[in-house]
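**Q** my questions concern the predicted model and sequence given below.
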Amino acid sequence: MTEPLLLGVRHHGPGSARAVRAALDAARPRAVLVEGPPEGDALLPLAADADMRPPVALLAHAVDDPGRAAFWPLAAFSPEWVAVRWALDHGAAVRFVDLPAAHSLAMMGDPTWSDEEDDEGDGDGGDPAAHVPEALRVDPLAVLAEAAGYDDAEHWWEDVVEHRAAAKDGGDPFAPFAAVADAMAALRETYGHGTNDRDPVREAYMRLRLRAARKEHGDEVAVVCGAWHVPALRARTTVTADRALLKGLPKVRTETTWVPWTHRRLARRSGYGAGIGAPGWYAHLFDAPDRPVERWMTKVAGLLRAEDHPVSSAHVIEAVRLAGTLAALRGRPLAGLTETTDAVRAVMCDGSDVPLALVQDRLVVGDVLGEVPDGAPAVPLQRDLTRLQRSLRLKPEAAERELDLDLRKETDAARSRLLHRLRLLGVEWGTPAAGRGGTGTFRESWRLRWEPELHVRVAEAGAWGTTVLAAATARAEADAAAATAVDQVTALAERCLHAGLTDALPRVMRALADRAALDTDVGRLARALPALARSLRYGDVRSTDTAALAEVATGLALRICVGLPPACTGLDADGAAEMRGHLDTVHAALRLLPRDAAAEDVTARWASVLRRLAARDAVPGVVRGRAARLLLDDGRLPEDEAARLMGLALSPGAEPADAAAWIEGFVGGGAGGPGGDRAGGMLLVHDERLLGLVDAWLTGVSAEAFPHVLPLLRRTFSAYDPGVRRTLGELVRRGPAAGGGGAAALTAAGAPGFGTGLDETRADGVLPLLHLLLGHGQPNDDDRANDLVAVHR
């Protein structure tokens, strides 16, 4: 070698990776220089560790600002990774030669420097965490593809590189790099540095590192970098000129480590500028020893079979044939991803894009998650998290998965606490999901997915402590001190209980008491109470002492009872609708409070407040109607009294809009619990007096007023189940002639869906099962009599 070997590549290209390996085998350099931050030099020997499995990434972050971070991802089919492994396997020196992360991280957000993000194929291995620049950058692949007559840069790259036969170019392993270097030189003559102001600085530093390597190892040096930079590394410049470009660069203290990466984060659609569209496909091309199309179709068939799609060996054979035919028709040397995808859609998916989307997600992109050895540097918080993940058997995975927890089991309770603590620290590894296994408070469901960026979040959270528990406790105490509203503190108290942060609770409770004593806004108090009530319930499940929390919750509820009546007067339509929601949330929260003397007193006071609201004409109709409904559902308002209140609200002297709002509040959705819409409809189905009052009022609304009340009525009744609406319509159509209305009228008339009477023998047959489900044991004769009366009603 009389000159350094400059190997210009495309990042994450399997064809480039194979070519790099062949060129290094032929040249046998004494030193290999790779595009990347030199702070990672000390970490390069870990690439040969048996526990290091790509995809992985170098992570560099500022010590004083861990959120200022950048990744340099490497996959098994990345040319840089192949070069590093070749050097380690052959005893050659290996170094990173790109601009130090200390400078590139300091430049982040600095308007002096154009933000830098890798465009497809430009050979730029810079900062993947930077933002996409406003100015349009040059895409060398697109320019070269257009010059070659291709309208798709990916197709051109596959044809000239990925599908290049081993014997092409006379077997010369250096020929493809020479051709790419000449092409890039022509592009650099036309476009300069491509509007990226940081490239000349990076390339000046690369030249300095190359000179130092040549001084140490002579000309037996190979450089593996983005093809875009090769002409700049060939340029004849002076050391003085290069150092002048680097003079005065901003700098920060950094730390660097290896972290796991994923194929999904390598994908272009994830926002990574140097990403590729099909990392799973490229990994297959790199790993397949031969017959890549046949092996790919076999993978696809296996995936579809696992998802219960009928795919046979005949489908695989036919798909391979069709992919080859499509490649020939399109003038391509081999079938590429486009041809294989078209063949899979036509042969294995019956022309449907639904199963094809599964292939795209699981195979073309994939959920491969890399691994790094234990010896890789890590912040103390990351090490504690890794220890907890292992002890609790919670392995980080790139694929999203559901996790159901039973909080009565110690391991599941510990898993729950860990996930809640991480969420409090901003490490969103898991998000709560609607449970499938049960609706009780003993169960939790989570949706888990580990993203590489979470390593940055962990590094940021390390400022709060060296363990997950200590960091979460410190963060909770700081959040409590910074909170300005009572509902913020109650939400924090709930999160502390879920996370088991007993040391943080006293400070949070003091902050809660202080905020609650000063807050006079009934709306904020009402929004704060549900979180406290839930915390009390979950405190019992998690064996947490919640005496102080119960005292604050009781005081908060009493303050709501005092302030709510005056707050419900003088409201406009929007304010009345919001206040109705507060009634629902407070009513539901009070049901969760422990049944002690203090809670009973609060419940009694709340019922008194609802009675006052239901009877006051100055209160908006939607609030009065909802107050009456909540009392009726709790058995604190006799049906006769409910009918009287409805009669007053719907009397001829009432404003039609206010009357319609009362109906919306009384029979509309919510009602302080789940199933409120259905329950409101069934109330009218089974109480002919209430339905008759609504019907009589509605038929008496004048033609002029009807358009004004119609939207409220439509909003109310459209929330009912179709069956409930159909039954109400049937009841109204039959009218009083059917026996006074109600379900009893339809039963007597033998209408569709109703029996002609109560069959006590059949009803008695379901009572044992009903009592078993309710946990009441076997029914006695008195139970049967009471149940039959209830069924008849």
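**A** Ah, there it is. Numbers count the residues shown, from 1 in each chain.
**Q** which of the helices or strands spans H103?
**A** Element membership for H103 (DSSP states H and E) is helix 101-107.
**Q** what helix or strand is the closest residue to A288 other than its chain neighbours located in?
**A** With sequence-adjacent residues excluded and distances taken as Cβ to Cβ, 6 or more residues apart in numbering, A288 is closest to R295, at 5.0 Å. The way it works is simple: take the backbone N, C-alpha and C, and place the C-beta from them, glycine included. If you go by DSSP H and E, R295 is part of helix 292-306.
**Q** now do H498
**A** helix 486-499.
**Q** now do that helix, average pLDDT.
**A** The average pLDDT within helix 486-499 is 85.
**Q** for it, give me every contacting residue.
**A** Under the contact criterion Cβ atoms under 8 Å, 6 or more residues apart in numbering, helix 486-499 has outside partners 416-417, 420-421, 423-424, 472, 476, 479-480, 483, 504-505, 508-509, 511-512, 515-516, 519, 524-525, 527-529, 531-532, 534-535, 538-539, 542, 544, 546, 549, 556.
**Q** helices - which of those land there?
**A** Secondary structure from DSSP state H places 416-417, 420-421, 423-424, 472, 476, 479-480, 505, 508-509, 511-512, 515-516, 524-525, 527-529, 531-532, 534-535, 538-539, 549, 556 of these in helices.
**Q** dump the residue contacts of R624.
**A** Contacts of R624 by Cβ under 8 Å, 6+ apart are 613-616, 645, 649, 662, 665.
**Q** report the angle between the helix holding H498 and helix 505-518.
**A** 160 degrees (axes from the mean of the first three to the mean of the last three Cα atoms, to 10 degrees).
**Q** send the alpha carbons of helix 486-499 over as PDB?
**A** C-alpha atoms of helix 486-499 as PDB (Å, rounded to 0.1, in the frame of the first residue of the first chain):
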ATOM      1  CA  VAL A 486     -53.800  20.900  44.700                       C
ATOM      2  CA  ASP A 487     -54.700  18.500  41.900                       C
ATOM      3  CA  GLN A 488     -51.100  18.300  40.900                       C
ATOM      4  CA  VAL A 489     -50.100  17.200  44.400                       C
ATOM      5  CA  THR A 490     -52.900  14.700  44.700                       C
ATOM      6  CA  ALA A 491     -51.900  13.100  41.400                       C
ATOM      7  CA  LEU A 492     -48.300  13.000  42.700                       C
ATOM      8  CA  ALA A 493     -49.500  11.300  46.000                       C
ATOM      9  CA  GLU A 494     -51.300   8.700  44.000                       C
ATOM     10  CA  ARG A 495     -48.100   8.000  41.900                       C
ATOM     11  CA  CYS A 496     -46.000   7.800  45.100                       C
ATOM     12  CA  LEU A 497     -48.400   5.100  46.500                       C
ATOM     13  CA  HIS A 498     -48.300   3.100  43.400                       C
ATOM     14  CA  ALA A 499     -44.500   3.400  43.300                       C
END
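**Q** now do the strands in this structure.
**A** 5-9, 31-34, 56-62, 69-74, 93-96, 221-226, 254-260, 401-406, 430-433, 443-448 (DSSP state E).
**Q** ok, the fourth one: who's next to it in the sheet?
**A** Spelled out, that is strand 69-74. strand 56-62 (antiparallel) (DSSP bridges).
**Q** what residues does the partner strand touch?
**A** 36-37, 39-40, 43, 67-74, 101, 105-106, 252-261, 370-372, 452, 455-456, 459.
**Q** what about it, average pLDDT?
**A** On average, strand 56-62 scores 91.
**Q** tell me how far that strand lies from the chain's centre.
**A** Here strand 56-62 shows a centroid-to-chain-centroid distance of 23 Å under the convention Cα atoms, centre = their mean, to the nearest Å.
**Q** okay, the angle between that strand and strand 254-260?
**A** Using the same axes, to 10 degrees: strand 56-62 against strand 254-260 is 150 degrees.
**Q** beta-bridge partners for T256, please?
**A** A60.
**Q** which of the contacts of R624 sits closest to L7?
**A** Nearest to L7 among the contacts of R624, counting by Cβ to Cβ, is G665 at 74.3 Å.
**Q** gap between the closest one and M107?
**A** G665 sits 59 Å away from M107 when distances are taken as Cβ to Cβ, to the nearest Å.
**Q** compare those two (neighbour count), which wins?
**A** The residue with more neighbours, out of G665 and M107, is G665; 30 against 22, by other Cβ atoms under 10 Å.
**Q** isn't that one up against V619?
**A** No - shown here, G665 and V619 do not form a contact pair, counting by Cβ atoms under 8 Å, at 10.1 Å.
**Q** thinking again about what came up before, okay, the strands of the chain in JSON lines with mean neighbour count and distance to T603 next?
**A** Output for those, formatted as JSON lines (neighbours: other Cβ atoms under 10 Å; distance: least, Cβ to Cβ, whole Å):
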{"stretch": "strand 5-9", "mean neighbour count": "25", "distance to T603": "72"}
{"stretch": "strand 31-34", "mean neighbour count": "27", "distance to T603": "70"}
{"stretch": "strand 56-62", "mean neighbour count": "24", "distance to T603": "53"}
{"stretch": "strand 69-74", "mean neighbour count": "26", "distance to T603": "52"}
{"stretch": "strand 93-96", "mean neighbour count": "21", "distance to T603": "68"}
{"stretch": "strand 221-226", "mean neighbour count": "27", "distance to T603": "70"}
{"stretch": "strand 254-260", "mean neighbour count": "22", "distance to T603": "53"}
{"stretch": "strand 401-406", "mean neighbour count": "14", "distance to T603": "31"}
{"stretch": "strand 430-433", "mean neighbour count": "16", "distance to T603": "29"}
{"stretch": "strand 443-448", "mean neighbour count": "18", "distance to T603": "27"}
